[in-house]
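Engineer: Could you work out the structure for the sequence below:
(chains A and B)
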Protein chains: 2
Amino acid sequence: VKAGATTEIRVALQERSYSIHVGSDLLAEAGELVAALGRLGSILLVTNPTVRALYGDVVVTALAAAGRAAPAVVEIPDGEQYKTVATLERIYDAALDAGVDRSSVVVALGGGVVGDVAGFAAATLLRGVRLVMVPTTLLAQVDSSVGGKTGVNRPQGKNLVGAFHQPSLVVADTKTLATLSDREYGAGLAEVVKYGVTLDEALFELLERRSGEILARDPELLAEIVARSARLKADVVERDEREGGLRRILNFGHTVGHALEQVTGYTRYLHGEAVAIGMVAAAELSQRIGTCGEDVVPRLVRLLDRLGLQASLPGDVDLDAVARAVALDKKVERGRVAFIVLDGVGRCAERTLTLAEVGAALAGMIGTEATAT
Amino acid sequence: VKAGATTEIRVALQERSYSIHVGSDLLAEAGELVAALGRLGSILLVTNPTVRALYGDVVVTALAAAGRAAPAVVEIPDGEQYKTVATLERIYDAALDAGVDRSSVVVALGGGVVGDVAGFAAATLLRGVRLVMVPTTLLAQVDSSVGGKTGVNRPQGKNLVGAFHQPSLVVADTKTLATLSDREYGAGLAEVVKYGVTLDEALFELLERRSGEILARDPELLAEIVARSARLKADVVERDEREGGLRRILNFGHTVGHALEQVTGYTRYLHGEAVAIGMVAAAELSQRIGTCGEDVVPRLVRLLDRLGLQASLPGDVDLDAVARAVALDKKVERGRVAFIVLDGVGRCAERTLTLAEVGAALAGMIGTEATAT
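Structural biologist: Residues are numbered from 1 along each chain as shown, chains lettered A, B, ... in the order given. Below you'll find the predicted structure:
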């Protein structure tokens, strides 16, 4: 990636194919990119108050130049607790009151919550209108804006209802990452580490080598990292759009991560922070069952540490509760868990393990941490 | 169709292909048919109190024999006014509380409302689980259970949010039609007439020839008519699953029909009753613009009349309001309406007409009616 250049990543999914544009100064070009999608009805921009204050004007101006009129804007509240059917209904009303038709486009400007809810709205308004993702968090740029998963939470759990609805376009501007909090930024980095450790040793090495610039949020370097991550995710999604099998490798670190989020009431850890710990647990497990050597765990822990991410289970978490949450997870069947394990840095595979094996790896982590506290 | 025989209609949509089973005594076989779908998790049966009282026991018993356990049953209130997001959420909760997983099946037992809402729930629970339609109204058997359209109403209009989600199986038992009210039964017949007049002159002739037995609801004859109608709809859906063009021919009579429903507040006419009048308007229009001869309108009116369906616009309806509703309909663009017109009995095509032409046809109908009242 040259300085200031835009990388275009093509996601090949037959008639649902689309491009991801990644660059360090792209927001003002969002209008032209949307216009290039072809026949364009009304545009509905979905965002939240925080993101709107930062980037609303430039995006609205860009979209107004592309469309026949200024976009209608609907603000949804900021926070995972608003990823609900009620918020979905707000978007429905805004879209229908603005005269949405089949040639309309829903543009999601924001992080994962905005993308997931606006994406679900786009999937279901008039049984499906086009969706453009303009992700403004690192997590959304490398993960949730790519691949077509949309949805909302239910009282029974997260993301329990939704739709697969591929976007028609993704515009990822890494300049927007400058305004993220350190914690949110770090949580996004955890997913980048995931791509490296599971699929791409060269990316992992790049993260190791340039952690200082990454922490300084160099937008050019970030454009390279985001483009590389998006390409890796797109490769997986192209081969398994609806998570029939292969796509599950993207869940590396997520089984324990989800359990940890749940046991701590979704307040202590950001998703990416929990995934970072879950990745170490999964690497520990891989080492114990012998799929990878003893060098992998320390290397992963060291990188996470350099990137400011906690890499160990804290001593005060109820380990049995985490194990029970893993057992209740939807990926468990008849006492066995489909687990993504590492064969080394940059290589992974799915294995079916017993809950006892998972529990032992967790206990091993706690033991390590217990001596440190 | 032989006496008591079941007709299987295959809907060919690649990996979304499925079978429609039509017969005059099929409910008790629903369990075997569901079991034949393969790997079967929990079953959620969605129905309403009226249908449950009539057919709930036999279907629950059949499904219990097929599944690992008795199905969870969720009752939704009866009536179009309950085709809402709130009802959808009731189904979500029932499914999630019953432990729905990706191998679960949602079974919709009832008419169009049950099918549309349960179908939308199935489309979105865990981003999509399998759906089995067991339609118990004529309208649902010949129309809404086939083709994958699901959805709910919004304050802004009907069916404005939803999903395309093909069922995995449709089980249509014509014995259930015996318990319909005359009005509901007649409303279903209107859609059968639609298939005949637009696509199949032989079906139209069958309706003309055997109207007495049809009104007596002979279950064997109904199995033949339902199977034939479902095959005609399936042929169209196979060629245009997502209503890109051809599928619009299924909207014959619906533009004016919808307008009439809307202008009369959705209380005066059942959907099929409004479509019957809309079909006559569309036939009248076809004659005026010269796509069909003068024999078609009287023949259509005579058949509708024999089947107990009103075929004319009543004198007290505000014609301007109907014309305005047509103009506001989503199918209108730049003052022109995409209209399905007849080329004769059993042949139709899409034409783009001006609103003036449509208005003139309506005025012609009113005129006829005015002299009769």
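
Engineer: nearest residue to A:P71 other than its sequence neighbours?
Structural biologist: A:I43 (3.9 Å; CB to CB, 6 or more residues apart in numbering or on different chains). Every C-beta, even on glycine, is put in place using the N, C-alpha and C of the backbone.

Engineer: And the one you found, how far from chain B?
Structural biologist: With distances taken as CB to the nearest CB, to the nearest Å, A:I43 is found 18 Å from chain B.

Engineer: Kindly report the same for A:R299.
Structural biologist: Using CB to the nearest CB, A:R299 is found at 35 Å from chain B.

Engineer: Regarding that residue, which helix or strand does it belong to?
Structural biologist: helix A:296-306 (DSSP states H and E).

Engineer: Please enumerate residues in contact with that helix?
Structural biologist: Residues from elsewhere that reach helix A:296-306 (CB atoms under 8 Å, 6 or more residues apart in numbering or on different chains): A:190, A:193, A:197, A:204, A:207-208, A:211, A:276, A:279-280, A:283-284, A:286-287, A:310-312, A:342, A:344-345.

Engineer: ChimeraX command to pick out the buried ones of those residues?
Structural biologist: To isolate the buried subset of those in ChimeraX, counting by 16 or more other CB atoms under 10 Å in any protein chain shown, use the following:
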select /A:190,193,197,204,207,208,211,276,279,280,283,284,286,287,310,311,312,342,345
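
Engineer: so which of the contacts of helix A:296-306 also contact chain B?
Structural biologist: Checking the contacts of helix A:296-306 against chain B by CB under 8 Å from any CB of the partner chain, not one of them is in range.

Engineer: Rounded mean pLDDT for stretch A:206-226, please.
Structural biologist: In this model, stretch A:206-226 has a mean pLDDT of 96.

Engineer: Which positions within it qualify as buried?
Structural biologist: For stretch A:206-226, a neighbour-count test (16+ other CB under 10 Å) marks A:206-208, A:211, A:214, A:217-226 as buried.

Engineer: For the residue positioned nearest the centre of chain A, which non-adjacent residue is closest in space?
Structural biologist: Nearest to the mean C-alpha position of chain A, by CA atoms, centre = their mean, lies A:D143 at 2.9 Å. Closest residue in space to A:D143, ignoring its immediate chain neighbours: A:E191 at 4.9 Å, by CB to CB, 6+ apart.

Engineer: Extract the C-alpha trace of stretch A:349-364 and format it as PDB.
Structural biologist: Provided in PDB are the C-alpha atoms of stretch A:349-364 (Å, rounded to 0.1, in the frame of the first residue of the first chain):
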ATOM      1  CA  ALA A 349      -7.800 -26.200  12.300                       C
ATOM      2  CA  GLU A 350     -11.000 -27.300  13.900                       C
ATOM      3  CA  ARG A 351     -10.900 -30.100  16.500                       C
ATOM      4  CA  THR A 352     -13.700 -31.700  18.500                       C
ATOM      5  CA  LEU A 353     -12.600 -31.700  22.100                       C
ATOM      6  CA  THR A 354     -14.100 -32.800  25.400                       C
ATOM      7  CA  LEU A 355     -15.100 -30.300  28.000                       C
ATOM      8  CA  ALA A 356     -12.500 -31.800  30.300                       C
ATOM      9  CA  GLU A 357      -9.700 -30.900  27.900                       C
ATOM     10  CA  VAL A 358     -11.000 -27.300  27.700                       C
ATOM     11  CA  GLY A 359     -11.300 -27.100  31.500                       C
ATOM     12  CA  ALA A 360      -7.700 -28.300  32.000                       C
ATOM     13  CA  ALA A 361      -6.400 -25.500  29.700                       C
ATOM     14  CA  LEU A 362      -8.400 -22.900  31.600                       C
ATOM     15  CA  ALA A 363      -7.100 -24.200  34.900                       C
ATOM     16  CA  GLY A 364      -3.600 -24.000  33.500                       C
END
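
Engineer: residues in contact with it?
Structural biologist: With contacts defined as CB under 8 Å, 6+ apart, stretch A:349-364 is touched by A:245, A:248-249, A:255-256, A:281-282, A:284-285, A:288-289, A:291, A:313, A:319, A:322-323, A:326-327, A:332, A:335-341, A:343.

Engineer: Report the buried residues of it.
Structural biologist: By 16+ other CB under 10 Å, the buried positions in stretch A:349-364 come out as A:351, A:353, A:358-359, A:361-362, A:364.

Engineer: of all those residues, which comes closest to A:G265?
Structural biologist: For these, the residue nearest A:G265 by CB to CB is A:L362; the value is 18.7 Å.

Engineer: Chain B contacts on chain A?
Structural biologist: Taking CB under 8 Å from any CB as the contact definition, chain A meets chain B at A:85, A:88-89, A:92-93, A:96-97, A:101-102, A:120, A:123-128, A:149, A:151, A:154-157, A:160-164, A:242, A:330.

Engineer: Please put the alpha-carbon coordinates of the lengthiest helix in chain A into PDB.
Structural biologist: The single longest helix within chain A, with elements called by DSSP state H, is helix A:219-239. C-alpha atoms of helix A:219-239 as PDB (Å, rounded to 0.1, in the frame of the first residue of the first chain):
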ATOM      1  CA  PRO A 219      -3.000   5.700   9.300                       C
ATOM      2  CA  GLU A 220      -0.900   4.400   6.400                       C
ATOM      3  CA  LEU A 221       0.200   1.400   8.300                       C
ATOM      4  CA  LEU A 222      -3.300   0.900   9.600                       C
ATOM      5  CA  ALA A 223      -4.600   1.000   6.000                       C
ATOM      6  CA  GLU A 224      -2.200  -1.900   5.200                       C
ATOM      7  CA  ILE A 225      -3.200  -3.900   8.300                       C
ATOM      8  CA  VAL A 226      -7.000  -3.300   7.800                       C
ATOM      9  CA  ALA A 227      -6.700  -4.200   4.100                       C
ATOM     10  CA  ARG A 228      -4.800  -7.400   4.900                       C
ATOM     11  CA  SER A 229      -7.200  -8.400   7.600                       C
ATOM     12  CA  ALA A 230     -10.300  -7.700   5.400                       C
ATOM     13  CA  ARG A 231      -8.700  -9.800   2.600                       C
ATOM     14  CA  LEU A 232      -8.200 -12.700   5.000                       C
ATOM     15  CA  LYS A 233     -11.700 -12.500   6.300                       C
ATOM     16  CA  ALA A 234     -13.100 -12.200   2.700                       C
ATOM     17  CA  ASP A 235     -11.100 -15.300   1.600                       C
ATOM     18  CA  VAL A 236     -12.900 -17.300   4.400                       C
ATOM     19  CA  VAL A 237     -16.300 -15.800   3.700                       C
ATOM     20  CA  GLU A 238     -16.000 -16.500   0.000                       C
ATOM     21  CA  ARG A 239     -15.500 -20.200   0.700                       C
END
